[in-house]
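In: My questions concern the predicted model and sequence given below.
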Amino acid sequence: MSSLKGTIFNIQRYSIHDGPGIRTTVFLKGCPLRCWWCHNPEGLTSTRDIAYIEFRCIGCGTCAQVCPLNAISLKDGKVSIDRSRCVRCGTCAKYCPSSALTVIGREITVDELMQEIERDELLYDYSEGGVTFSGGEPLYQPEFLKAVLLECKKHGIHVALDTSGYAPPEVFDSIINYVDLFLFDIKLLDVEEHIKYTGVSNKIILRNLKNLVERGRGKDVILRFPVIPGITDTEKNLKLLEALITELRTIEEIDLLPFHDVSEKYARLGMEYKMKGHRAPSEEELKSLKERLEALGLYVKIGG
Ligand code: SF4
Ligand code: SF4
């Protein structure tokens, strides 16, 4: 029994893209990276967020009336939130009649989360699936994650970890034996470019990946590579990626994750989106990259 609490922002059932079989994907809140293209901006902060979905709003003004900090005003029937004043109390969302305002993120104990995960245990057995922890960066809540992983192990539930690999080595090493499959992001190999586009160095990430392989866990790693025209698909980055794969040897699969514009998600959270209007990779570009990586002997999948 554990009443240790963590913060999550979604539990997605019947997922088929986050590892083998049918899975329950748990999204943990908080991430130390700020990738320009992040498609889950609601997972970036560790705290709750307030999202505003404009097309649902009927302009009734209730939110402005109930906000205890006067953080909401209405202009032309649309809500404007002064996020520097907002304390994310959730009152506006509670009283909004059309669910145009919603709270993202909730606290949950290890026991409560295990109850949610165990609900579909039969389905995991039947489909050889399990649970996947994603985010945000799940390793950003190490104590909570480890406690849940331990419970999953006790119940014999297959665990996949969707990770940026960015965690202190002692944290990363402490969870290795509780994870069956690593969905490990590799974005940019040049350290300066990694810092520019993600906000952090890739040194720890590469250390953790190499350590996994050195421990004989290479076959339990699927690399995930975001394909972003002009940023990750440059000849320089692809050559460095090929060199890394050759060095790692035992990794057998890489998934190519095509960039797509998620401006709307950022707008709902009042966050800046640096990739607005950036183009997605073409079918031909994806096919050509797939063939190039297959030539290294890898199984290459387009999509997660
Ligand atoms: S979450 Fe609370 S403080 Fe923030 S806008 Fe809504 S009512 Fe105001
Ligand atoms: S309470 Fe909801 S529907 Fe009414 S103005 Fe605010 S966001 Fe729009």
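Out: Received the coordinates, thanks. None of these values were measured; they are calculated from a predicted model. Ligands and ions are numbered 1, 2, ... in the order given.
In: ok, the closest residue in space to residue 277 that isn't next to it in sequence - contacts?
Out: Excluding the flanking residues, the one nearest residue 277 by Cβ to Cβ, 6 or more residues apart in numbering is residue 261, at 7.1 Å. Backbone N, C-alpha and C define where each C-beta goes, glycine included. Applying Cβ atoms under 8 Å, 6 or more residues apart in numbering, one finds that residue 261 lies in contact with 275-278, 280.
In: ok, now with 7 Å
Out: 275-276, 278 (Cβ atoms under 7 Å, 6 or more residues apart in numbering).
In: Of these, which qualify as buried by neighbour count?
Out: 275, 278 (16 or more other Cβ atoms under 10 Å).
In: thought residue 279 was touching residue 229?
Out: Yes - counting by Cβ atoms under 7 Å, residue 229 is a contact partner of residue 279 at 5.7 Å.
In: And the two? Which one has more around it.
Out: For residue 279 versus residue 229, the count of surrounding residues by other Cβ atoms under 10 Å is larger for residue 229: 15 against 12.
In: Model confidence score at the more buried one, please.
Out: pLDDT recorded at residue 229 is 98.
In: In a strand, it, correct?
Out: No - assigned with DSSP: H, G, I helix; E, B strand; the rest coil, residue 229 falls outside any strand and is coil.
In: so residue 285, which of the three states?
Out: helix.
In: For the protein, list the residues in contact with ligand 1, please.
Out: 50, 67, 69, 71-72, 81, 86-92 (Cβ under 6 Å from any ligand atom).
In: which among the residues you listed gets closest to residue 210?
Out: Of all the residues of the chain next to ligand 1, residue 88 has the smallest distance to residue 210: 39.0 Å, by Cβ to Cβ.
In: Which of the residues of the chain next to ligand 1 ranks first by neighbour count?
Out: Within the residues of the chain next to ligand 1, most neighbours by other Cβ under 10 Å means residue 92, with 26 neighbours.
In: Now it: which helix or strand?
Out: According to DSSP states H and E, residue 92 maps onto helix 91-95.
In: Just the CA atoms of that helix, as PDB, please.
Out: The C-alpha trace of helix 91-95 is given here as PDB (Å, rounded to 0.1, in the frame of the first residue of the first chain):
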ATOM      1  CA  THR A  91     -12.700  27.700 -10.000                       C
ATOM      2  CA  CYS A  92     -13.300  29.100 -13.500                       C
ATOM      3  CA  ALA A  93     -13.200  25.600 -15.000                       C
ATOM      4  CA  LYS A  94     -15.600  24.300 -12.300                       C
ATOM      5  CA  TYR A  95     -18.200  27.000 -13.100                       C
END
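In: Beta-bridge partners for residue 10, please?
Out: Applying DSSP bridges to residue 10 gives these bridge partners: residue 27.
In: For residue 222, see how far away it is.
Out: As judged by Cβ to Cβ, to the nearest Å, residue 10 and residue 222 stand 21 Å apart.
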